[in-house]
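Trainee: Pasted the sequence and its predicted model underneath.
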Amino acid sequence: GCSGGANEAQPQQGNADNKTEGNEASAPVTEGVIKATDLSQNPPGATNRKDNIVVGMTSPKGVFNPLFWQTTYDLYVVRTVFDSFLQVKADGTYENSLAEKVDVSPDGLKYTFHLKPGVKYSDGTPVTVKDYAFVLKVLHDPNYDGESDILSFKIKGGKEYHDGKANDISGIKVIDDNTVEVTVTEATAYTKDYLGEQYFMPEAYYGKGFKKGNLDSIKALNNKPIGSGQYVLKSFSPGQQVVLEANPNYFKGAPKVKSVIFKTTTEETNLSMLQTGETDMDNITVTEDNVEELKALGFLDVNIMPTNGYGYIAFNHKEKKFQDPKVRQALTIGLNRKEIVQGVYGPYANVINIPQSTESWSYTDEGINKYEFDTAKAKALLDEAGWKVGADGIREKDGEKLTINFSATADNPVVEALLPIMSNNYKELGIKLTSETLDFNAIMDKKDTGKFDMFFAAWGLTPDPDTTTFITNGAQNDIGYSNKKVDELTLAGKHELDQEKRKQIYKQLYQELNKDLPTIFLYQRRDMWPVNGRVSGLEITPYKDFEFTLHNAQIAQ
Amino acid sequence: MSEPLIQVEGLKKYFPITGGVFQRTVGHVKAVDDVSFHIHKGESFGLVGESGCGKSTIGRTILRLMDKTEGSVRYKGEDLHALNKEQIRALRPKLQIVFQDPFSSLNPRIKVGEAIGEALLDHGLIDRNELRQKVNETLNICGLSSYHYDRYPHEFSGGQRQRIGIARALILNPDFIVADEPVSALDVSIQAQIINLLSDLQQERQLTYLFISHDLSVVEHLCSRIGVMYLGSMVELASKEELFSNPLHPYTKALLSAVPIPDPTIKRQRIVLKGDIPSPANPPSGCKFHTRCPMAEARCKTEAPVYRDAGDQHFVACHFA
Amino acid sequence: MENALIEFRNLKTHFHTSNGTVKAVNDVSFKIREGETLCVVGESGCGKSVTAMTMMRLIDSPHTSDGQIWFEGKDLLKLNKGQMQQIRGNDISIIFQEPMSSLNPVLTIGEQITEPLLMHTLMSKKEARARAIELINLVGISRSEEIFHSYPHELSGGMRQRIMIAIALSCNPKLLIADEPTTALDVTIQAQILDLMRDLKDKLKTSIMLITHDLGVVAEMADYVVVMYAGNVIEEAPVIELFKNPQHPYTQGLLKAKPVINQKMDRLYSIPGQVPNPIELGENCHFHDRCAHCMQICKDQAPPLNEKENGHKVACWLYEKEGGQRI
Amino acid sequence: MSAETVTIETNQKAAIRPEASPWRIAIRRFNQNRLALAGLVILILMVIICVFGPMISPYHLDDYKLSDKNLSPNAKYWLGTDKFGRDILLRTMLAGRISLTVGLVATFISVMIGATLGALAGFYRKGVDTVIMRIADIFMALPTLPLLIILGAVLSDLKVDPSNRIYFLMLIIGILSWTSLSRLVRGQILTLREQEFMQATEALGLRDRRKIFRHLLPNTIPTIIVTATLGVAGAIITESALSYLGIGVVPPTPSWGNMISAANNLIDFRKRPWIWVPPGMCILITVVAINLIGDGLRDALDPKMKK
Amino acid sequence: MKQYIIRRLLQLIPTLIGISIIVFAISAMVPGDYITAKQNPNMTAEKAQQLRHIYGLDKPEYQRYFIWAGNMLKGNMGDSLQHKQPVTKVISNYVWNSFIIAFFSLIFSWLIAIVAGVFSAKFQYSLFDKFVTLFIFLCMSLPSFFIGLLVIKIFALEWGILPVGGMTTAGVEAGSWDYMVDVLKHMFLPTLVLTMLSTGSLTRYFRTGMLEVIRQDYIRTARAKGLKERTVIFKHALRNALIPAITLLGFELPALFGGAMILEKVFVWPGVGQVYLESISMRDYPFMLGFTIFLAILTLLGNLLSDVLYGMADPRIRLK
Ligand SMILES: Nc1ncnc2c1ncn2[C@@H]1O[C@H](COP(=O)(O)OP(=O)(O)OP(=O)(O)O)[C@@H](O)[C@H]1O
Ligand SMILES: Nc1ncnc2c1ncn2[C@@H]1O[C@H](COP(=O)(O)OP(=O)(O)OP(=O)(O)O)[C@@H](O)[C@H]1O
Ligand SMILES: [Mg+2]
Ligand SMILES: [Mg+2]
C-alpha cells in the first residue's frame, strides 16, 4: 500500500532547487520499481563485465555456515550456497524448495518432509535427508553457539539430547533417503517453516571428525562451504569480496550468470560505486536525494519497498508515570510524528500505528486509531490523567513533576529530526524533556537494567508475526510491558495453525496494542535496491531478498 | 691557620669511553687521577696546566656538579659528596663557580638580569623589589651597565658574557668560588678591573678562590699558592714566590718559559716540549711526563715519582727535584 | 707586503634589537695585506668579533651592514650566496670565539673536520680522514683517533678550541680570522698554535686577522695592530711602533693594565669608567668620559683617524692641530 | 641622521624603563607582531560573534521549517538552510560556542598535563621518568572508544544533565591526549638538561621548580605551541565523534564538527556546499588564528627572532 | 645502553600486565555484550543464557580475566565471536592491508614533511611558508572522511581515472601483473589522504624544530666552513632537530598496524581499523582485547625504540 503519497508531496513546494522535472509532473514513486531510462549511460566499469554480477554490500564476516552465520551478509552467502526444504515467498509465507511435499499431522506435532529426488551437492554427492537430520542434531548440541534456537521448537527428545540425557533425538526419524519425520511436543504456527528452513549440509563433509560437544571441526569449514545451492563459493577475501561461481549441479538448472561477486561497499560511497559501475546493485539508504541521484543516472532500475522493521519510542513501564495509557496516548498524540518522518525520509517512510509491516499478511488498518497530531487533545488527556500544569509551566501530579529523560542512538538519522521536534512538542504539553544520545549497546543496557524513561530504537520484523516483544516477561520485552489481553492473543496466534484464523487473532492483537500503546509507534521506512538495468530476472522483495533468485538473473549483452 | 676550607683528598674522576651500537664502555678517560690538595679560607689557589689535563673537571667535581669516581671533597670538614640533595642545595650559594664557557652556561631564553638575580630570589636571600637594584649594582661592579639587564645572552660579546658569569657568582656572596678561566676573554683593562675586584672581595670578605687559568701573569698576581697539573695529576704545588723563582718540575719550567711577553722587541728562548701529548685514557707508565721531558731517563719510564715535599711546602712529583 | 688582500671601507653594522639600535661597528676602515698578521685589540664589546663576522656575512640577528669589504677585487657584502659559500672555509676561514657552542653537538669531531675538506678539495673520504687526524695532532691533541670519533661535549674547553682551529686551517685559507683563538689554551700549547699559524703564514703567505686581548700574543705575532674602541678604529700602527709609542690615551691605558710576570704590584692598573652604551653613541669621541685628557671638542665632535709619522694612525683630538683646550 | 636619533631616543626610553618585566616585553613584542595580533583579533571576533550573534538572530535553536529545507544562501537565510530548514548561520554561531570552548579548554588541559608531566619525567629521569612514561604508555595503549562508551553510559546513569556533559567531554579529551605532548617535551628536555646552562643552575642551587619551569620548559615552548595548535583542531573534530557516545552535545545543539559530519555523503558534499563550508571555514579560521597567535607568542619568546 | 634496553624490556612486563588489567576492566565495564549487540529479534532468554555460558560471559570478571590472561600467555588470543575464527587469524587477514597504505603514507609524509618543514623554517614567513601553513590547516580543519570524499569526487567521479574504493576491481585474478596495477590504483587515494593528514602535523613539528636550530652558533660554523646550504640545513640543522621527530617516529609503529578507521570506511579499504571499530560496537571481546593488546605492545615498543634512538641522535642524552 502506498500511504499518503499525495500528502507527502506537499512539503516539497518552495524547494525549487531539488525538484527535477519528473517530480513536478507526477507524485514520486515511493514503492515499486523506477525503471532505467537510458541504458546507454551505463559506464564501462559495468558493461565490461559480461558474465558476472557485482552486488555491493557490507562485508560478510566469512562465517559461511548455515549453523553459525553471524550477519545478514554471511546469510546472503549461505542462502546462495545452501538449500533447504522450504523457502520464503515474497509475502512472507513459505513454499517448497528442496521439499517435494510436507505432511503435517492435524495436531501439528508431526512433520514429514519429502525430499525431491536426484538433488546433488555441488561436489556431485547426492543430497539425502540424513544430512538434514545431521544438521538438526548439531543444532541441539550442548556447545552449539550459533543463533538458531531449535530448543524452543521442542522437538521430541531434543532437550534430553542437549542436556546429555540421551544419545539420540527420538523425535527425528529418517524413513529413507528422501523422507524424514520430525515430531515435536508443542504445536506452533511457525514450526513447519522453521524446520523447513534448515539448510542441507553434507554430513560426509561436515560430519567428519564431529563428536557431540565439539563443533570445532564444523567451524573449521566455515569458509569452505559445500551445499546444494545455486552458487559455489570460489574465494573469499576478507573485507573485499566473495566470489561465487554457478553450481552446474543446481537442481533448478545451472544459473545463467557464471559468477556473482559480493563486493564490500560502505554507506559513504556505495552510491558512487554504482555510478562508476564498480557494482551492479546495492542497498542504498532511501532519501529523496539518493533516489533522485539514482534516477538521474538513468541506467539503474531502482527497487523501493517497505523495510522489514519499524522505528519506535519505548516507555519504561516500570515507571509509574508511563503505566497510565492516557499518558502514553497523550505523548503519542502530542508528538508530530508525521513531521519527523517526513523531515528525514520525505515520502519514503510512513507513520505507523501498529508494530507490523504493511507487507505482512497479518497487517491490518481496521479499527486502528491514527493518533493524528493534536496538541490540544494531548493536553486534555494529560489533564484527565491527573497531570496538571504547575506554577512553572511543567505538569505535576502528587508533587511529582512530569520530567522525561530521553535516550537515543545518534547514528540514526531520525534522531536528528526527532530531538528538536520532540522537545518542542513536549514543551508545549508542559513536559520537561532532557535528551541524550548514547551508544546503541548502552541503551540496550539501560533497557535491561530498567534505568530509563523513554528511548528511541528500531526493531526488525520476521516474516512470521509471532513475537515475544509485548507479552509479559517475554524474552524481547524488556520495557516491562504487561497486558493480559495481549498475552492471550499472542499465545493464541502462536498456536493457531490456520492462517485465516491467525489473521483474525492478529487483528485483535494489533487493535489492542494500538489502543494501549506499549510504545509510540513511529514509522516504517523504505529499503532501496538499485540494480543495473543490464541485469534482469532478480526478484527483490521485503521478505525475499535478491539472493534467492540469483539463478534467474540474466545480463543483457 | 686552622682547618682548611676545602680539602681535596685522593680525588679521581674517570669518564667512560663508549663504543659500538650498544655504547659499551671500552675504557676510561682518567681526567682527574688521584689529586689531593687543600685551600685555606681567604686564600686563592691557582691551578694551571696543560689544556685538557683535568682542571675544569676538578673544579666541577669539587662543587659536585659531577659525581666523583673516588676520593673526597670536604668543605669546612663536611664531605660534599655525601650530602643529600637539600643539604647541598642549601650550601650552593656559598660555593660558586664561574664557568669556562660563558655562553653555553647561559640559558638563551633568559635575560641576563634574571639569570644573575634568580638564585638570590630562589634562595630567598632578597626581596623581589630590591632585586633589580642589587643586580644592577653587581653588573656595574663587573664592568657592565644597567642597560644590559634586559638583554639576552646572544646579544653580548664574548667578554661581556664572561662578566655575566662572574656577576652571577659574585652576587650570591659566596665563601668559595671556582673561577674557571674567568678573565680569558677580557681585554686587559677590564681584566685588571675584575682581578682587582676579586682581590678586593677577598680582602673584604675573606673569599676563597680556586683560580684556574692559563695566564700565568694573572695567576701570579692573584694567587698565593699554585698547583701545576699534568695529565690528571698534580705535578707541582708551591707558593707563588717559590714556584716562579724556583720551579722544580720540568713541565713547570717549560710552562714558565713559554709565557709571551708584551714587548715585540724581545724574542725569548722558550723550552719546546717535544713529542706527542699522551692520552689520558692510556697514560704513560712511570712518570706521566717522561714522554716529553727533556730530562727523562730510563727510570722515569718505569718508576712513578712520588709526590713529595721538597721543603718549605713545595710539593713536586719528579725524580730529579 | 703592499698588496691589500682585504680592505674594509666605512663598515657599519647595526643591530636592531627590542631595546634599540646597537651600533656595534660604526664606520671602520682598515686593510690587511697579503702575508701580514694583523692584530685587532680593544675593549671587550667594542665590535671586534662583529667586524669579523660581518666580513664572513654570518650575522643572523636582525641587523644592517653598510660600507664595503673588498677581497680580491670583489665586495664581499655584494656577493651572492653561492659565491660567498665558495669563499667561506676555503679562501677565508674563521675561528670563532666560543668553541663550545660553535661545534655541532650531535656530530663527531671527525665529521666536522672532514666536511670542509670534502667540500672544497678533491680529497676522497679516506684522504680527508687521514688529513683530519693529522690536523688533530697538529693542534696538539693526543689520541687523535679517539677524538676523531668523540663528540664535542666530551672534550675540554681548550680541546674544542683547538678543534675549531683545526677546522679553520684545514683548507689552507688565504685569510685566517682568529677570534681569540688561544684563550683556553695553556701557554705551551698556545705557543705551539702560534707557531703553527706563523708556519702557515710563512709557507702559504696566509694573511691572519688575529683578535686577541693578550698583548703578549700581539707582541709575538703581529705585524700590524688595529685598536678599536666602541665600534671605531681609534689607532693603528705597525706593532713595534705601537708598543713603543702608543698615542691614543686608551691604547696607553691598555698597555699599562697588563700584568707582567715578576713585576710585583699591589693593584693592577685599569682604565677608569665604563664603555658607553652602544645604543646611545653620539657624534663625539666615545672615550671622552674616561679620558684623562678630555677636552671640550672631544665631547662635541668625533675625531678623524689621521695618519701621523711611521705609518701610525690615530683618532684623537690631542694630536690634531685644531685641537681644543684642555679642561 | 636626525630621524635616526629620534628613533634612538624613543627606543632608549623603552630600554631604560625600569619596570619592564619579561612578560611586559613579550607582550610588547607580541604587539609588534602584526600577524599575531591579527590572529588574536580574529579569535576574539569569532568569540564575540558566536556569543552575541545568536542573540540578535531572528531564529532559534529549536526552530525548523521543513518547507524551507536545503535552501541555498538567500536574503532570508544568509548562509542557507540545512535538511530540516534550519538557519545555517545561526547554527554555525551556536556551534562556535561549543566548538571553541571544547577546542580551547580541552587543549589547555592536555597541554598543561602533558607539558608538566613530560618536563618532570625528562628532568628527573630514573624512577620518575619510568613511572610517568609507563603511565603515558598505558594511556596511549588504552582503547579510547570503549573508554568513552563507558563514560557516556556512566554519565547517563548518573543522570548528568546532557548539556553539562560537554565539560566532561573537554576533560576527557584533555586527559586522553596529553601523552604525545608529554613524550615530545620529555624528549627535548632530555637534551636540554644536559646542556651546560643546566649545570649552571645546579651550581646556583636553584630549586627544581625553577629549573623545570623557568629554564627547561620555555625552551620547549615552540613544540608545545605546535601541539596546542594541532590539538585545538583535533579536539573540535573529535568532539563531533563523541556526541554519539553520550558525552558530546546532543542534537539539535550544533557543533562545527557535527555540522560537517552531517554532510557525510557525496550528494550534500557536491550539491550543498553551504552546509559544510561555513563550519569548515570556521574551524580553519580558528586554527589559523590560533596558529598565528602561537607563532607570535613563540617569536615573542624567542630571543633571536628576526623581525 | 644494552642494560638500559634490557631493563626497559623487563619493564614491559609489569606495564603490559597493568594494561591488560585496565583494558580488561574497561571491556568488562562497557555496557552490553555480544548477545545484546546482535539484537536478534528471535532470541529467547534461555538461548541468550546458553550463549553467554558458552562464551564464558556468565563467569565473574576476575575469573574471566585470569582465563583470558592465561590463554594470552600461551599465545592464544581466543576466537573472535563475530568471525568465529582465532583472533590472530582475523588480525592477519586484515592487518597487512592496513599496513601497506600506512607504510607508504608514512614514507611519503615523512619525506614531504621534512622538505616542507625545513623550507618553511628556512624561509619563515615567506609565501611558500604561508602557503604550506594554510594547506596544512585546511587539511586539519576538515574531518578525514571529508577529505576522502573530496578526492573521490575529483579522481573517481569527475575524472574517472581511479576507482572509488575497495582494494581490487571485482573479478581481477590475484597474483597477475594486472592485479598489482589494480591494487596500486586502488591504493592511491587512501594513501594520498592518509599522507595529507599526517604530513600536516609532522611538517609543523619539523618547522618549529628547525626554527629553533637554525639560529644556533654551530650552524654559523657550518656556514663559515663554506658548506652548501643544503648540507648546512639537512645535515647540521636537521640532525639537531631530530628529537621531536624521533618521538613522533615512535608513535608511528602502532599507527602502521592500527588501521585508519574512518578512511578505511570511506575507501572501502579492507583494513583492520574498521574490523576493530566493529568489534567494539559489537562487543566482540576476544578480538577487541586481543587487538588492543597487540597495539599496546606496539605502542610500548615504539616508545622504547624512540628512547633508544634519542641516545643515537644526541650523544649527550644519558638514559640509564
Ligand atoms: N646579536 C646581537 N644583537 C645585539 N647586539 C649585539 C649582538 N651581537 C653583538 N652585539 C653587541 O655588539 C657589540 C660588539 O660585540 P662584539 O662581539 O663584536 O665585541 P668584541 O669586540 O668581540 O668583544 P669581546 O672581546 O668581548 O669578544 C657589543 O656591545 C655587543 O653587546
Ligand atoms: N663528558 C666527558 N666525557 C668524556 N670525557 C670527558 C668529558 N669531559 C671531559 N672529558 C675529558 O677529560 C679531560 C679533562 O677535561 P677538562 O675539561 O677537565 O680539562 P681542562 O683541564 O679544563 O682543559 P682546558 O684548559 O682545555 O679547559 C679531557 O681529556 C676531556 O677530553
Ligand atoms: Mg677547562
Ligand atoms: Mg668577540
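Mentor: Yep, that arrived. Numbers count the residues shown, from 1 in each chain, chains lettered A, B, ... in the order given. Ligands and ions are numbered 1, 2, ... in the order given.
Trainee: for the chain, which spans come out with low pLDDT?
Mentor: Went with chain A since none was named. Applying pLDDT under 70 to chain A picks out residues A:1-29.
Trainee: Actually, chain D is the one I wanted.
Mentor: D:1-26, D:28-32, D:304-307.
Trainee: So the spatially most central residue of it, which state does it fall into?
Mentor: Nearest to the geometric centre of chain D sits residue D:232, at 3.2 Å (Cα atoms, centre = their mean). Judged by DSSP: H, G, I helix; E, B strand; the rest coil, the three-state class of residue D:232 is helix.
Trainee: which one is it nearest to, not counting chain neighbours?
Mentor: residue D:103 (4.2 Å; Cβ to Cβ, 6 or more residues apart in numbering or on different chains). All C-beta spots, glycine's among them, are computed from the backbone N, C-alpha and C.
Trainee: what do you get for residue A:186?
Mentor: residue A:154 (4.6 Å).
Trainee: what does the stretch 151-300 of chain B put close to ligand 2?
Mentor: Within the stretch 151-300 of chain B, the positions adjacent to ligand 2 are residue B:280 by Cβ under 6 Å from any ligand atom.
Trainee: Closest residue of the stretch 151-300 of chain B to chain E?
Mentor: residue B:154 (8.3 Å; Cβ to the nearest Cβ).
Trainee: Can you give me the neighbour number for that residue?
Mentor: 17 (other Cβ atoms under 10 Å in any protein chain shown).
Trainee: and residue A:238, what is it in contact with?
Mentor: Residue A:238 makes contact with A:59, A:62, E:90, E:93-94, E:270, according to Cβ atoms under 8 Å, 6 or more residues apart in numbering or on different chains.
Trainee: ok, now how distant is the residue nearest to residue A:116 when sequence neighbours are not counted from residue A:309?
Mentor: In space, residue A:116 comes closest to residue A:100 once its chain neighbours are excluded; the distance is 4.9 Å by Cβ to Cβ, 6+ apart. Using Cβ to Cβ, to the nearest Å, residue A:100 is found at 34 Å from residue A:309.
Trainee: Looking at those two, which one has more neighbours?
Mentor: residue A:309 (18 against 13).
Trainee: Show me what the more buried one bridges to in the sheet.
Mentor: residue A:460 (DSSP bridges).
Trainee: what sits against it?
Mentor: By Cβ under 8 Å, 6+ apart, the neighbours of residue A:309 are A:357, A:458-461, A:524.
Trainee: which of those residues has the most neighbours?
Mentor: Neighbour max across the contacts of residue A:309 (other Cβ under 10 Å) = residue A:524, 25 neighbours.
Trainee: what about the helix or strand where that one lies and chain E, touching?
Mentor: When elements are assigned from DSSP states H and E, residue A:524 belongs to strand A:519-532. No: Strand A:519-532 lies apart from chain E when judged by Cβ under 8 Å from any Cβ of the partner chain; the minimum separation is 12.7 Å.
Trainee: what bridges to residue C:233?
Mentor: residue C:228.
Trainee: Near it, how many other residues are there?
Mentor: Neighbours around residue C:233, by other Cβ under 10 Å: 26.
Trainee: what are the ranges of the helices in chain C?
Mentor: C:48-56, C:81-87, C:99-102, C:109-120, C:125-138, C:144-148, C:157-169, C:187-204, C:215-221, C:239-244, C:249-257, C:296-300 (DSSP state H).
Trainee: do the same with chain D
Mentor: D:2-16, D:22-32, D:34-56, D:88-124, D:126-141, D:144-157, D:165-176, D:178-192, D:196-204, D:208-210, D:221-242, D:256-261, D:266-271, D:273-301.
Trainee: can you tell which of the ones you listed is closest to residue C:257?
Mentor: helix D:196-204 (28.8 Å; Cβ to Cβ).
Trainee: centre of the chain versus the closest one, how much separation?
Mentor: 34 Å (Cα atoms, centre = their mean, to the nearest Å).
Trainee: same for it, what does it pack against?
Mentor: Here helix D:196-204 touches strand B:95-98, helix B:112-122, going by 3 or more Cβ pairs under 8 Å, 6 or more residues apart in numbering or on different chains; DSSP states H and E.
Trainee: For the last one, give me every contacting residue.
Mentor: If I follow you right, that is helix B:112-122. Here helix B:112-122 has contacts from B:92-93, B:106-107, B:110, B:125-126, B:128, B:131-132, B:134-135, B:138-139, B:148-153, B:156, B:164, B:167-168, B:171-172, D:22, D:204-207, D:210, D:214, using Cβ under 8 Å, 6+ apart.
Trainee: please redo it, this time with the cut-off set to 7 Å
Mentor: Outside helix B:112-122, the residues that touch it by Cβ atoms under 7 Å, 6 or more residues apart in numbering or on different chains are B:93, B:106-107, B:126, B:128, B:131, B:134-135, B:138, B:148-151, B:153, B:164, B:167-168, B:171-172, D:22, D:204-207, D:210.
Trainee: Just the buried residues of these.
Mentor: B:93, B:106-107, B:126, B:131, B:134-135, B:138, B:148-151, B:153, B:164, B:167-168, B:171-172, D:204-207, D:210 (16 or more other Cβ atoms under 10 Å in any protein chain shown).
Trainee: now, which of those residues lie within helices?
Mentor: Reading helices off the buried ones among the contacts of helix B:112-122 with DSSP H, I get B:131, B:134-135, B:138, B:164, B:167-168, D:204, D:210.
Trainee: would you turn those residues into TSV with distance to residue C:284?
Mentor: Formatted as TSV, those follow (distance: Cβ to Cβ, whole Å):
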residue	distance to residue C:284
B:131	34
B:134	32
B:135	30
B:138	29
B:164	28
B:167	29
B:168	33
D:204	40
D:210	44
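Trainee: So the residue in the stretch 51-200 of chain A that ligand 1 sits nearest to, which state does it fall into?
Mentor: With Cβ to the nearest ligand atom, the shortest gap between the stretch 51-200 of chain A and ligand 1 falls at residue A:59, namely 63.1 Å. At residue A:59, secondary structure determined by three-state DSSP is coil.
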